[in-house]
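S.K.: Return a 3D structure for these sequence lines:
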Amino acid sequence: MGCDFKVKAGYFDKDRANALARVEEFRRFNDTQNYAEIYELGAPALKSAFTREQFIAAAQASSVQSGKYKSSTLMATSCFPNEVRLVYHTEFEKGNVTESMVWSVLNDKALLVLYRVSPGYDEVKKESQVGCPS
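M.R.: Presented below is the predicted three-dimensional model:
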């Protein structure tokens, strides 16, 4: 009955920093349209949901729809054991979106579990943020 799940209470600041560093990599790969490298940032759950080819095709379609990345503002951060959730208000060439990212952090390595984009800027309530250092 082995289990690889580890809970690291008290390391939220480090987990948050690891997730934010991965977002920078994500942005850099997206700017150069290197969607295969974004796929490599993925956690096993993401990779089991999409093949590399499916992921790349979806990322390319999203890029055509949104245009080039311009800027973003981190609006919300929530930290849980081994997980960091981030919400950004992001400006692309063709419009504004709300980006949601979930990063799994194990052994000081953040892996992308979920990336979702919603058109426009969603309202973000500060009281919904939990667990992260300010």
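S.K.: so how far is Glu53 from the spatially most central residue of the chain?
M.R.: Centroid check for the chain by CA atoms, centre = their mean gives Met101 as the closest residue, at 3.0 Å. Using CB to CB, to the nearest Å, Met101 is found at 22 Å from Glu53. The way it works is simple: take the backbone N, C-alpha and C, and place the C-beta from them, glycine included.
S.K.: What of Leu46?
M.R.: Leu46 sits 14 Å away from Glu53, going by CB to CB.
S.K.: and the helix ranked longest in the chain, what other elements does it pack with?
M.R.: The residue-count maximum for a helix in the chain (DSSP state H) belongs to helix 12-31. Applying 3 or more CB pairs under 8 Å, 6 or more residues apart in numbering; DSSP states H and E, one finds that helix 12-31 makes contact with helix 35-40, strand 69-80, strand 83-92, strand 95-106, strand 109-119.
S.K.: what about 10 Å?
M.R.: Here helix 12-31 touches helix 35-40, helix 52-66, strand 69-80, strand 83-92, strand 95-106, strand 109-119, going by 3 or more CB pairs under 10 Å, 6 or more residues apart in numbering; DSSP states H and E.
S.K.: Compute the inter-axis angle for the second one and strand 95-106.
M.R.: Relative orientation of helix 52-66 versus strand 95-106 (axes from the mean of the first three to the mean of the last three CA atoms, to 10 degrees): 150 degrees.
S.K.: list the buried ones in helix 52-66?
M.R.: Phe55, Ile56, Ala59, Ser66 (16 or more other CB atoms under 10 Å).
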